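Visitor: Need a 3D model of the following:
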Amino acid sequence: MAKESFDKEIQFLRILVLTSGAYNRQQFAERLGISIHTFDKTLKRLKEIVSTIHQQLPDEQGKEFAESIRYSYFDSTDPLLLFLFRAKSLKETESQRISLLLAAINEKSLTAMELLDACYDRFPANLPLPDEKTIRTDLKYLEEVGVISRIPGPRPYSYRIHNGLVEELSQDELLDLYDFVDIMANTQVPSLQGYLLRDGLKKRVARGDPDKTAIEPFLYKYHYYSRILDEAHLFTLLASIRKRCKVKFLYFSPKNSKSYASKNTNPLFERETEGKQEITLPLKIVYDHQYGRWYLLSYSSRYGIKKYRLEGMTQIGEDDAVPEEWFAEKNKELEEKTKYSWLIDTGRPLTLRARFFNPGNAQPNFIKERVLLQGQWGQIVEEDDVSFVYEIIVNGTTEIKPWLRSFGSSCEVLEPIRLRREMIAEWKEIRHCYESI
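Guide: Residues are numbered from 1 along each chain as shown. Next comes the predicted model:
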């Protein structure tokens, strides 16, 4: 995965997509918590990346970055987060060095010292030469992300390109694998590593037969850009959960007027931000498919079980590890609190009853099928030819309400009475919107 974080660019693209260019420069900079100068510099950098990646774009001076995204609206090859990974996952010197290392290992298996000699022979004259420690750090990073593998044997260790799978496949098998990865990456979560694999396979197909390129079997249109953008934090947090480490980050609640703050190192230019510094123990990550959002469920010594939206987390870093027994205890506490959560609600459990009406003489009964499929641990407790009553114990009603509302006139809430009144008031408001003018 990426060696550098790019919180600013993630929030930049998120606001750009959500506002569709409705903000001017001043409003955009204020929302991000940066200066107009930094805004212009970031926009210029992203435009340069767009022109590099999309060679087919017309080279017009002053072309808006938003138009560049709209140009590729139906193009599934460059989701926004993958776009950033290509742009900032490595510094320029790292990109040059790692490219050289991979080219050398691709020819034959080499040790760290042999790779250092290769760098001395091939490294550009305008860049500083790396030392042995830097080379070993790069090798460790490439091994962690699965690009290279260490050959078993005594020291000094030799390294080789980890591409045994694609080497053994025929061109037709590569195309079949590409189509499968393309479909899975665009329909399953998380997706980012699938996109990286898909792009690697696409290049491999092109190298094997330049006249036979991978054909996109489907086109995908994204409604939830946050789903892809938030995967930048996903694997960092999953790694912390595996290591039972606390994490520290600057958090911006969805209610805040700002979504980012620059990390100032000069005390003369320090300023208060609207973000809140948090230290918490990550326990579980949940994806809400209905709204395309990622949530972190964690334990804080001050607040107990707490929830965060990944889109508001910036400057994430690891903190101290906790004992295994204590981690297991907090996980058990979380499971108890979310036992009856429709998604992540930790409120007081209550019994909800709703009547669902069958769709006339329609066969099959798609209303009942959907309730049985999506109704989680709820049960049908009464049934006749016209309707059936569904009952479930759930933590609060906030999360289940949109699901009930999605059935329209086919659903009538019976209990609790407070939720019934809320639904009546909401349907009256909706009806008012459609009254004749």
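Visitor: Which parts of the stretch 251-400 of the chain are strands?
Guide: For the stretch 251-400 of the chain, the strands defined by DSSP state E, counting those that start in this stretch cover 276-288, 293-300, 304-309, 313-321, 349-357, 379-383, 387-395.
Visitor: Export the ones you listed as a markdown table, with columns for mean neighbour count.
Guide: Heads up, the C-betas are built off the backbone N, CA and C, glycines and all. Listed next are the strands of the stretch 251-400 of the chain as a markdown table, based on neighbours: other CB atoms under 10 Å:
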| stretch | mean neighbour count |
| --- | --- |
| strand 276-288 | 17 |
| strand 293-300 | 21 |
| strand 304-309 | 17 |
| strand 313-321 | 16 |
| strand 349-357 | 17 |
| strand 379-383 | 12 |
| strand 387-395 | 18 |
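Visitor: Go through those strands and find the least confident stretch.
Guide: Comparing mean pLDDT across the strands of the stretch 251-400 of the chain, the lowest value falls on strand 313-321: a mean of 88.
Visitor: picking up where we left off before, which of the strands of the stretch 251-400 of the chain sits closest to residue 409?
Guide: The closest of the strands of the stretch 251-400 of the chain to residue 409 is strand 349-357. By CB to CB, the value is 7.6 Å.
Visitor: who's in contact with that closest one?
Guide: Strand 349-357 is contacted from outside by 339-340, 367-368, 371, 378, 381, 386-397, 400, 404, 407, 409-416, 419, using CB atoms under 8 Å, 6 or more residues apart in numbering.
Visitor: can you give me how far that strand is from the chain middle?
Guide: Mean C-alpha position of strand 349-357 versus that of the full chain (CA atoms, centre = their mean, to the nearest Å) differs by 33 Å.
Visitor: Including distance to residue 191, could the strands of the stretch 251-400 of the chain go into TSV?
Guide: Below are the strands of the stretch 251-400 of the chain laid out as TSV (distance: least, CB to CB, whole Å):
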stretch	distance to residue 191
strand 276-288	11
strand 293-300	12
strand 304-309	18
strand 313-321	19
strand 349-357	33
strand 379-383	34
strand 387-395	29
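Visitor: Residue 242: which of the ones you listed is closest?
Guide: Across the strands of the stretch 251-400 of the chain, closest to residue 242 is strand 276-288 (CB to CB), at 10.0 Å.
Visitor: Would you tell me what the next helix or strand after the helix or strand hosting residue 133 is?
Guide: Secondary structure assigned from DSSP states H and E places residue 133 in helix 132-144. The element immediately downstream of helix 132-144 (helix or strand, assigned by DSSP H and E) is strand 148-151.
Visitor: got the buried residues for the next helix or strand after that following strand?
Guide: Next in sequence after strand 148-151, counting helices and strands by DSSP H and E, comes strand 158-161. Across strand 158-161, burial judged by 16 or more other CB atoms under 10 Å covers 158-159, 161.
Visitor: Strand partners (parallel or antiparallel) of strand 158-161?
Guide: The pairing partners recorded for strand 158-161 under DSSP bridges are strand 110-111 (antiparallel), strand 148-151 (antiparallel).
Visitor: Identify the residues contacting residue 366.
Guide: Contacts of residue 366 by CB under 8 Å, 6+ apart are residue 359.
Visitor: 10 Å instead, please
Guide: For residue 366, the contact set (CB atoms under 10 Å, 6 or more residues apart in numbering) comprises 358-359, 410.
Visitor: ok, now residue 331?
Guide: Neighbours of residue 331 in contact, by CB under 10 Å, 6+ apart: 241, 244, 281, 283-284, 297, 299.
Visitor: Apply 7 Å and report the result again.
Guide: Contacts for residue 331 (CB atoms under 7 Å, 6 or more residues apart in numbering) come out as residue 283.
Visitor: if I look at it, how far off is residue 237?
Guide: 15 Å (CB to CB, to the nearest Å).
Visitor: Repeat that for residue 148.
Guide: 26 Å.
Visitor: Serialize the strands paired with strand 158-161 to JSON lines and add fields for mean pLDDT, distance to residue 425 and mean neighbour count.
Guide: Shown next, in JSON lines, are the strands paired with strand 158-161 (pLDDT from 0 to 100; distance: least, CB to CB, whole Å; neighbours: other CB atoms under 10 Å):
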{"stretch": "strand 110-111", "mean pLDDT": "87", "distance to residue 425": "71", "mean neighbour count": "18"}
{"stretch": "strand 148-151", "mean pLDDT": "86", "distance to residue 425": "61", "mean neighbour count": "16"}
